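based on what follows, work out the 3D shape:
(chains A and B)
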Amino acid sequence: MYKYKRKLFTFIMALASVAAIAIPLKAEATETENTKGTPENPYFITTDVTYTPFEFQNADGEYVGIDIDIIKAIAEDQGFEIELRPLNFSAGLQALETNQVDGMIAAMSITPEREESFDFSDPYFEAGTVMAVSEVNSEINSYDDLEGKTVAVKVGTTGANFVNELQKEYNIEVNQFDDSATMYEDVIAGHSDAVFDDYPVMAYAVQQGLNLKFPLEPESGDVYGFAVNKDQNPELLEMFNEGLANIQENGTYDDIIDTYLSEDAEPAAGNGIFGLLAANWKDLASGLGSTLVLTLISFAIALVLGTVLGLFSASPNKVMNVISSIYLTIMRGIPLIVLAFFIYFSVPQLFNIQMSAFIAGVTTLTLNTAAYISEQVRGGILAVAKGQLEAGRSLGLSYNTSMRKIILPQAIKIMIPSLINQFVITLKDTSILSVIGIVELTQTGRIIIARTYSSGSMWLIVGVIYIIIITILTWLSSALERRLTND
Amino acid sequence: MTKLKVEHLKKNFGDLEVLKDLNLEVQEGEVICIIGPSGSGKSTFLRCMNHLEEITGGKVIVDNYDLTDPSQDINKVRENIGMVFQHFNLFPHLTVIENIMLAPKELKDETNDEIKARALKLLETVGLEEKADDYPKSLSGGQKQRVAIARALAMQPDIMLFDEPTSALDPEMVGDVLEVMQRLAQQGMTMLVVTHEMGFAKEVADRVIFMDGGYIVEEGPPEEVFNNPQNKRTKDFLDKVLI
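Residues are numbered from 1 along each chain as shown, chains lettered A, B, ... in the order given. Predicted structure coming up:
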């Protein structure tokens, strides 16, 4: 038993020190702000994660699409370097606003409201919002028919604003979504009656086999622009405009548009469960990999932090009790998703640092998990008979030594089942981190669906993967528990 | 030589006064048995001797160290005061020998071999040398209590406190434990024993203290207290326990 403890401890310390080294490095890298656009210090460009055909991951896991190809062509033409930071559309807007990224290209319509917060490039694409309904729907043929119906929109988009206007005239209920594929599926599944989105996006999806149709012509007038934060990176905007003019002149632009929107664009692969697995197993495996890495690192650090806080709350020292209880109150009071947004968007702004989504994700999970572990540690310590501490103290051992040598070894055994439970919860909670753009298993599922429009089979596959992996981990933990308690 | 001195000791649990103005002086090598009805404060009194209970008022001086002085390193004083509990409080995650060696390994300036040799010798004195590598859960109550005595003695204390050491034992186990305690007394250990074993008190104690209601009601040599109690409450109590 001693050996196992020692190994576990070494493992935790190793992980903690890796994290400790990695975090300051990250901070250092952002200090040299002066020469942006070099390979060492590229412009960070955010884009939507799932907005085919403007941005999506192809079967090789690379980001492609009209937006991606355009920004890459312009970067090449103008000789600057970029690094993509894909985020959900609304999260991308926040990232740009808080200077987490330098620019955003995400099929973003240029609107007067947005121009108050951002500076836009020359328009690079013209598209209109269009209404789509399920192929089998024959009821809705005009906006008038939307009276009393439910409409799906994507948060923060022009389509959503358009529906807002429609709501002034009609009684419409609105379902809000964060990515297009889910929104379309909602209409096909019959939860919503109609959907409003940019015409080229839906046209591409329909061409790929999505069962939607357009009862009306697209609204006209919307143009897409590349955005930078107000008064930030003016040189980037200038280069974008120059590069755009160049690629429009030399034909690169037309080639890009043709690749995605011409009639003979390649249709998506078969959508059966096994077809999906065969085509996407690499993505799923790497998504699962990130889920496990996130869980293991966060849980390991949380175990150290949680133990310290648990000791604080079980200690006779009032100050330590208060520290620990304040921490617990805060962490229990914040939903994980809010904590993730706070750490990814607010903290960098408040302290003027840049933070990768991975570091923000690990921090979020660690802080949250540590709160719950501290409660389990406290419970474990209190569950050890009071006489054990008295016996240790009566021999002349200090409080700390008694804790370390007598109470904690016994408390750990008591805590193991609830720690295993917490581990499973943490693993499942990683899925929430998809909101800040971390491509773990759930986000991988979304990305594949954005490319294949197969939410039915895909969520089944993702769900089964979670069940399998959690079952395996639970078995392993129970085996460990047996070994620890059987000496 | 005075080993332990208690002056005007008071102990409250919240509003409840458990100990009310106790005074006691114990000489080196003296064996004192504390008897009295349950709830009389015997165990609390004993637990104040090594500061397991916060002391509300008065003074406890052990080996010239004032336990009530906040600047006093209490751990240092406790190294010299062994304690044996009613429910043994052995460490279940450690073997018998590890239980005995834990505190000396942490606190004594000795090699592992020296500590182990002493631990084995102590186990031999309590008649359990063959149990060295067993875990406490495989021992009987009497064996556990003898290990607990060995564990306390491994720190080489000058004073031993026994808090109802045989109360949790099956009757056939009591003898072995009392025998170990008696031998310890004969070797000159200063001992304070809270007990219901009147036979042991009569035979081994140099002085018997009768406590009731948070006061020391009567004290004296065992033959006086047992055969000729002065106080009515002592008499009533003895009438009940000595049938």
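
near chain B, which residues of chain A show up?
Contacts of chain A with chain B, taken as C-beta under 8 Å from any C-beta of the partner chain, map to A:1, A:385, A:387-388, A:390-398, A:401, A:405-406, A:409-410, A:413, A:487. C-beta: built from backbone N, CA, C; applies to glycine.

the same query, at a cut-off of 6 Å, please.
Proximity of chain A to chain B (C-beta under 6 Å from any C-beta of the partner chain) is limited to residues A:Gly387, A:Glu390, A:Ala391, A:Ser394, A:Leu395, A:Gly396, A:Leu397, A:Ser398, A:Thr401, A:Ile406, A:Pro409, A:Gln410.

who's in contact with the third one?
The reference is to A:Ala391. B:Asn89 (C-beta atoms under 6 Å, 6 or more residues apart in numbering or on different chains).

sec struct for it, please.
Recorded secondary structure, A:Ala391: helix (DSSP: H, G, I helix; E, B strand; the rest coil).

could you do the last one as well?
Secondary structure, three-state DSSP: A:Gln410 is helix.

my guess is it meets A:Ala385, correct?
No - using C-beta atoms under 6 Å, A:Gln410 is not in contact with A:Ala385; the gap is 8.6 Å.

so these two - more neighbours on which side?
Neighbours per residue (other C-beta atoms under 10 Å in any protein chain shown) separate A:Gln410 from A:Ala385, with A:Gln410 holding more: 19 against 13.

state the distance from the nearest residue to that one once chain neighbours are set aside to B:Leu161.
Leaving aside its chain neighbours, A:Gln410 sits nearest to A:Val384 (4.7 Å; criterion: C-beta to C-beta, 6 or more residues apart in numbering or on different chains). For A:Val384, the distance to B:Leu161 equals 22 Å [C-beta to C-beta, to the nearest Å].

what's the answer for B:Lys11, then?
Applying C-beta to C-beta to B:Lys11 and B:Leu161 gives a distance of 16 Å.

what residue ranges in the chain score low on pLDDT?
Because you didn't say which chain, this covers chain A. For chain A, applying pLDDT under 70 flags the ranges A:1-34, A:221, A:262-271, A:485-487.

I was thinking of chain B, sorry if that wasn't clear
Within chain B, the segments meeting pLDDT under 70 span B:243.

which elements pack onto the lengthiest helix in it?
Longest helix in chain B by number of residues (criterion: DSSP state H): helix B:171-186. In this structure, helix B:171-186 makes packing contacts with helix B:141-153, helix B:198-204, judged by 3 or more C-beta pairs under 6 Å, 6 or more residues apart in numbering or on different chains; DSSP states H and E.

what residues sit buried inside it?
Of the residues in helix B:171-186, those with enough neighbours to count as buried (16 or more other C-beta atoms under 10 Å in any protein chain shown) are B:Met173, B:Val174, B:Asp176, B:Val177, B:Leu178, B:Val180, B:Met181, B:Leu184, B:Ala185.

partner strands of whichever helix or strand comes after that helix and their direction?
Per DSSP states H and E, the first helix or strand lying C-terminal to helix B:171-186 is strand B:190-194. Its sheet considered, strand B:190-194 pairs with strand B:31-35 (parallel), strand B:159-163 (parallel) by DSSP bridges.

about what we covered before: mind putting the buried residues of helix B:171-186 in JSON lines, distance to B:Leu90 included?
Shown next, in JSON lines, are the buried residues of helix B:171-186 (distance: C-beta to C-beta, whole Å):
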{"residue": "B:Met173", "distance to B:Leu90": "15"}
{"residue": "B:Val174", "distance to B:Leu90": "18"}
{"residue": "B:Asp176", "distance to B:Leu90": "16"}
{"residue": "B:Val177", "distance to B:Leu90": "14"}
{"residue": "B:Leu178", "distance to B:Leu90": "19"}
{"residue": "B:Val180", "distance to B:Leu90": "15"}
{"residue": "B:Met181", "distance to B:Leu90": "17"}
{"residue": "B:Leu184", "distance to B:Leu90": "19"}
{"residue": "B:Ala185", "distance to B:Leu90": "23"}
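
related to what we said a few turns ago, what about A:Val384 and B:Leu161, which has more around it?
Using other C-beta under 10 Å as the criterion, A:Val384 and B:Leu161 rank with B:Leu161 on top: 25 against 21.

which neighbouring elements make contact with the helix or strand hosting B:His8?
In this structure, B:His8 sits in strand B:2-13 according to DSSP H and E. Contacts defined by 3+ C-beta pairs under 6 Å, 6+ apart place strand B:2-13 against strand B:16-27, strand B:57-62.

let's see it at 10 Å
strand B:16-27, helix B:42-48, strand B:57-62, strand B:159-163, strand B:190-194 (3 or more C-beta pairs under 10 Å, 6 or more residues apart in numbering or on different chains; DSSP states H and E).

in the third one, what's buried?
Right, strand B:57-62. For strand B:57-62, the neighbour count (16+ other C-beta under 10 Å) marks B:Gly58, B:Val60, B:Ile61, B:Val62 as buried.

and for stretch B:209-227?
Neighbour count says stretch B:209-227 has B:209-212, B:214-220, B:222, B:225-226 buried, by 16+ other C-beta under 10 Å.

check stretch A:175-182 too.
Buried residues in stretch A:175-182, counted by 16+ other C-beta under 10 Å: A:Asn175, A:Phe177, A:Asp178, A:Asp179, A:Ser180, A:Ala181, A:Thr182.

again, but for stretch B:84-100
Going by neighbour count (16+ other C-beta under 10 Å), the buried part of stretch B:84-100 is B:84-100.

kindly export that stretch (C-alpha atoms) in PDB.
Taking C-alpha atoms only, stretch B:84-100 is exported to PDB below (Å, rounded to 0.1, in the frame of the first residue of the first chain):
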ATOM      1  CA  VAL B  84      -3.500   4.400  27.100                       C
ATOM      2  CA  PHE B  85      -7.200   4.700  26.000                       C
ATOM      3  CA  GLN B  86     -10.300   2.700  26.800                       C
ATOM      4  CA  HIS B  87     -10.700   1.900  23.100                       C
ATOM      5  CA  PHE B  88      -7.000   1.200  22.400                       C
ATOM      6  CA  ASN B  89      -6.900   3.600  19.400                       C
ATOM      7  CA  LEU B  90      -4.400   1.500  17.500                       C
ATOM      8  CA  PHE B  91      -3.600   2.600  14.000                       C
ATOM      9  CA  PRO B  92      -5.500   0.100  11.800                       C
ATOM     10  CA  HIS B  93      -3.500   0.800   8.700                       C
ATOM     11  CA  LEU B  94      -0.200  -0.100  10.400                       C
ATOM     12  CA  THR B  95       1.100  -3.400  11.600                       C
ATOM     13  CA  VAL B  96       1.700  -3.900  15.400                       C
ATOM     14  CA  ILE B  97       5.400  -3.200  15.100                       C
ATOM     15  CA  GLU B  98       4.700  -0.100  12.900                       C
ATOM     16  CA  ASN B  99       2.200   1.100  15.500                       C
ATOM     17  CA  ILE B 100       4.900   1.000  18.100                       C
END
